[in-house]
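K.L.:
Predicted model, plus sequence, below.
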Amino acid sequence: MNDWLRDATHPLRTLDPSDPDDSDLAPLRDIVGSARVVALGESMHRVHEFYSLRHRVIRYLVRELGFTAVVMESGFPEGLAVDDWVLGGPGSLDTVLSDGITYHMGKCAEMRDQLTWMRTYNSSHSRPVRFYGMDIPDSSASARPAILAGLSFLDTVDPSYAAVVRSSLLPLFSYLPTDRTGLAWAAPTLQAYMALPAAVRYEMTAKISEFVERVQAMRVVYSGQVDVVQRCLATGRHADAFLAAMA
């Protein structure tokens with residue numbers, strides 16, 4: 001695909017995803033062929049041209065080639081709310097962009113346009129296009145969103161254990177700064193983690209692992225959406241391992 005984009009003999013007509021004429025994207029049909037996954041890279045986040053082209057290509061892949069999922073380098077637990085919204089769920093787009101897209105990529109107008117289009121498309125098609133995050137939670141700054149997602153599930157299937165996690169694990173995240181307005185908010189968050197006493201960091205790792213293993217051991221009893229919850233908690237464990245290695 002990169003070679004095709006660089007080929008001056010087949011210039012893109014526009015980067016505007018709302019333009020109804022997508023005939024210049026027709027070569028994608030042969031490039032994609034029978035592939036079930038199409039990877040779209042970008043050398044820098046939050047760049048207008050990259051996001052506009054990505055949105056335009058996604059529309060073509062969905063409408064013309066039958067693709068049904070958009071997977072983004074964003075937190076997996078947070079992405080569940082985005083998926084719910086594009087499927088017609090309640091809530092405001094502003095909240096979804098702020099809380100559901102990590103690394104502040106939801107601040108980009110292009111992301112607003114893309115999610116709006118996905119929701120509109122899904123409202124009139126029986127085969128919806130879904131949204132998934134593929135990254136660890138909280139912009140790689142903490143495991144807390146994964147733990148909260150797990151607790152939301154446990155409140156229904158195992159409220160007694162949920163109460164234990166709330167009282168023993170959640171308070172360990174009290175070190176997290178509350179100001180997340182800046183694009184670089186993760187930096188002081190990481191510094192705050194590394195300033196924690198080693199015993200506190202080890203306790204956090206142990207309690208996160210205990211939570212993950214408990215859900216795994218009880219998966220048959222819990223049933224329901226336990227697979228999704230296990231994936232959420234796995235990303236929490238990965239985030240904790242990332243932070244532990246950094247410290």
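P.N.:
Alright, I've got the coordinates. Since the model is a prediction, treat every value here as computed from it, not as a measurement.
K.L.:
so is the residue nearest to the spatial centre of the chain in a helix, a strand, or just coil?
P.N.:
Centroid-nearest residue in the chain, with CA atoms, centre = their mean: G133, separated by 2.5 Å. Secondary structure, DSSP: H, G, I helix; E, B strand; the rest coil: G133 is strand.
K.L.:
tell me the contacts of the closest residue in space to it that isn't next to it in sequence?
P.N.:
In this structure, G133 finds its nearest non-sequential neighbour in G79, 2.9 Å apart by CB to CB, 6 or more residues apart in numbering. Using the backbone N, CA and C atoms, a C-beta is placed for each residue, glycine as well. By CB atoms under 8 Å, 6 or more residues apart in numbering, the contact list for G79 reads M72, G100, I101, F131, Y132, G133.
K.L.:
who touches the helix or strand where the first one lies?
P.N.:
For M72, the host element (DSSP states H and E) is strand 69-75. By CB under 8 Å, 6+ apart, the residues outside strand 69-75 that reach it are 58, 79, 82, 100-103, 105, 114, 118, 129-139, 145, 235.
K.L.:
Now the buried members of those.
P.N.:
58, 79, 82, 100-103, 105, 114, 118, 129, 131, 133, 135-139, 145, 235 (16 or more other CB atoms under 10 Å).
K.L.:
Please narrow these to those residing in helices.
P.N.:
I58, G79, V82, Q114, M118, P145, T235 (DSSP state H).
K.L.:
Among these, pick out the one closest to G88, please.
P.N.:
M118 (10.4 Å; CB to CB).
K.L.:
That closest one and V82, how far apart?
P.N.:
9 Å (CB to CB, to the nearest Å).
K.L.:
ok, which stretches of this protein are strands?
P.N.:
69-75, 130-135 (DSSP state E).
K.L.:
Which secondary structure elements does the shortest one sit against?
P.N.:
What it means is strand 130-135. Counting contacts by 3 or more CB pairs under 8 Å, 6 or more residues apart in numbering; DSSP states H and E, strand 130-135 packs against strand 69-75, helix 76-86.
K.L.:
redo that, cut-off 10 Å
P.N.:
Helices and strands touching strand 130-135, by 3 or more CB pairs under 10 Å, 6 or more residues apart in numbering; DSSP states H and E, are strand 69-75, helix 76-86, helix 109-123, helix 226-246.
K.L.:
Many thanks, have a good one.
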